[in-house]
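Peer 1: This is a predicted model, with the sequence first.
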There are 2 protein chains.
Amino acid sequence: MLQTIGSLSTPFDTLSKCPRNGRQLRPAPLCHAQVDAAYQPGLAGLEGFSHLILLYWLDQSGSTDLVFTPPFERGLGAAPRGVFASRAPWRPNPIGVSVVAFEGFDGPGRLRVRYLDCVSGTPLLDIKPYLVTTDCEPEATMGWLEPHATCS
Amino acid sequence: MLQTIGSLSTPFDTLSKCPRNGRQLRPAPLCHAQVDAAYQPGLAGLEGFSHLILLYWLDQSGSTDLVFTPPFERGLGAAPRGVFASRAPWRPNPIGVSVVAFEGFDGPGRLRVRYLDCVSGTPLLDIKPYLVTTDCEPEATMGWLEPHATCS
């Protein structure tokens, strides 16, 4: 059973205002992850990590769509894409994963972060430290998404 | 409500045999992610991605422990660490996240992957393409975990 540990604040108050990804806007706007008081002891030792992985529940994702044509491929005759080959939110388990820059605290349990792309108020599920030793793959190839990259 | 979309096969059949992370063993052993038939249409277009992000349910993680002393710091007088500053499994939402190398399919819905560290049989929740444009932070700093890195 999932527990909400807090919520995310972003400048995007409706789905239609969300960017395609959190690095698309430059400069990336300041966002916040607010951790509920009961879970704040779990933040001990977070200082010193420059980046975090946030997991959150995409509660406005709607119903699952296993195969779809992305907006930026419509009318191009491209093959439909599987949802597991995309970061689209309409997944069997609509859990969002974002690598964010972490800039310290603005109050108890209130994390300053950048690079979120979700709608404000999205429920927070987990915070993990980003580890360059296991999470960083600079040579990774991006398959069908390669020509659609929004930043490099 | 979470749905299990498949399961993970690793060489680690008990928790005590799991490495600290999936890049600790060299060479990294072959593992598999088996996606259930009902969800296999969602894999369309996965070819061409060299790395994936797998999300899975750490069903043997036990109860939540918000603050703890890691095994490799015991007896050293170090401050206890918050679970959100670690990748330990005893989290409020025990969702594991691994960046894995993807080497194609060994059968319908059967993905060849490397760098998993979980126990064999772990329920699979999601597969996402790893995007170097949003998931890769080569300059990231690792806070208190810096001196404990198992690979670089």
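Peer 2: Structure's in. What do you need? Here the structure is a predicted model, which means the values were calculated and not measured.
Peer 1: okay, CA-based contacts and neighbour counts for the rest of this
Peer 2: Will do.
Peer 1: Please identify which helix or strand holds A:Thr4.
Peer 2: Under DSSP states H and E, no helix or strand contains A:Thr4.
Peer 1: mind checking pLDDT for the residue lying closest to it once chain neighbours are set aside?
Peer 2: Among residues not flanking A:Thr4 along the chain, A:Leu125 sits closest, at 5.4 Å (C-alpha to C-alpha, 6 or more residues apart in numbering or on different chains). On pLDDT, A:Leu125 comes in at 98.
Peer 1: Check which helices and strands whichever helix or strand A:Leu125 is part of is in contact with.
Peer 2: Element membership for A:Leu125 (DSSP H and E) is strand A:123-129. In terms of contacts (3 or more C-alpha pairs under 8 Å, 6 or more residues apart in numbering or on different chains; DSSP states H and E), strand A:123-129 is packed against strand A:6-9, strand A:51-57.
Peer 1: what does the model give the residue nearest to the spatial centre of chain A for pLDDT?
Peer 2: What sits nearest the mean C-alpha location of chain A, by C-alpha atoms, centre = their mean, is A:Ser98, with 3.1 Å. As predicted, A:Ser98 sits at a pLDDT of 98.
Peer 1: okay but it is in contact with A:Arg114, surely?
Peer 2: No - counting by C-alpha atoms under 8 Å, A:Ser98 does not reach A:Arg114; the two are 9.8 Å apart.
Peer 1: just so I have it, where are all the helices in chain A?
Peer 2: Remark: helices assigned in chain A by DSSP state H are A:132-135.
Peer 1: Provide a list of residues in contact with A:Arg87.
Peer 2: Taking C-alpha atoms under 8 Å, 6 or more residues apart in numbering or on different chains as the contact definition, A:Arg87 lies against B:Lys128, B:Pro129.
Peer 1: Torsion angles phi and psi at it?
Peer 2: Main-chain torsions, A:Arg87, degrees, to the nearest 10: phi -100, psi 20.
Peer 1: what do you get for the one 3 residues further on?
Peer 2: Dihedral angles phi and psi of A:Trp90 (degrees, to the nearest 10) take the values phi -90, psi 60.
Peer 1: just checking, what's the longest strand in chain A?
Peer 2: strand A:95-107 (DSSP state E).
Peer 1: could you check whether that strand is close to chain B?
Peer 2: Yes - using C-alpha under 8 Å from any C-alpha of the partner chain, we find that strand A:95-107 touches chain B at A:Ser98, A:Val99.
Peer 1: buried sites along that strand?
Peer 2: A:Ile95, A:Gly96, A:Val97, A:Ser98, A:Val99, A:Val100, A:Ala101, A:Phe102, A:Glu103, A:Gly104, A:Phe105 (16 or more other C-alpha atoms under 10 Å in any protein chain shown).
Peer 1: centre of the chain versus stretch A:17-33, how much separation?
Peer 2: Centroid displacement of stretch A:17-33 relative to its chain, using C-alpha atoms, centre = their mean, to the nearest Å, is 10 Å.
Peer 1: Hmm, I typed the wrong one, I wanted stretch A:101-108.
Peer 2: The answer for stretch A:101-108 is 17 Å, by C-alpha atoms, centre = their mean.
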